[in-house]
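Colleague: the sequence isn't on hand, but the structure is:
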């Protein structure tokens with residue numbers, strides 16, 4: 001019975017992972033559009049021709065490794081956007097001192 005419960009937990013977890021992956025792939029085009037990166041840049045990063053990249057976007061047929069690389073690239077964009085927002089907040093003094101102390105604590109002021 002214990003093994004059966006463990007298998008059920010593992011099965012449920014695997015289902016969640018697959019569902020999450022499908023949601024990511026489904027929203028990948030929108031995420032790419034919002035990133036501001038040119039398709040040719042992302043295609044080059046993936047070692048794909050622009051036409052192959054276009055077809056993969058159109059059919060949502062990226063490999064797991066390609067999805068991983070795209071997400072990594074998009075996360076760099078999000079990190080840059082966050083740093084820019086924090087910089088703007090600090091320059092406009094719209095951050096209170098407690099928040100500034102928090103930024104210092106996590107080392108964000110060094111990046112800003």
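Modeller: Right, received. Where do you want to start? The model shown is predicted, which means the values in this text are computed figures rather than measured ones.

Colleague: C-alpha only now, for contacts and for neighbours.
Modeller: Will do.

Colleague: for residue 30, give me phi and psi.
Modeller: Note on residue 30: backbone dihedrals following degrees, to the nearest 10 are phi -70, psi -40.

Colleague: tally of neighbours for it?
Modeller: A count of neighbours around residue 30, defined by other CA atoms under 10 Å, yields 10.

Colleague: got it, and residue 74?
Modeller: Neighbour number of residue 74 under other CA under 10 Å is 20.

Colleague: so where does residue 41 fall, helix or strand?
Modeller: helix 39-45 (DSSP states H and E).

Colleague: for that helix, packing partners?
Modeller: When contacts are defined as 3 or more CA pairs under 8 Å, 6 or more residues apart in numbering; DSSP states H and E, helix 39-45 sits against helix 50-59.

Colleague: in the helix it packs on, which residues are buried?
Modeller: If you call a residue buried by 16 or more other CA atoms under 10 Å, then helix 50-59 has these buried ones: 53, 57.

Colleague: ok, which stretches of the chain are helices?
Modeller: Taking DSSP state H, the helices of the chain run over residues 2-35, 39-45, 50-59, 64-91, 97-106, 108-111.
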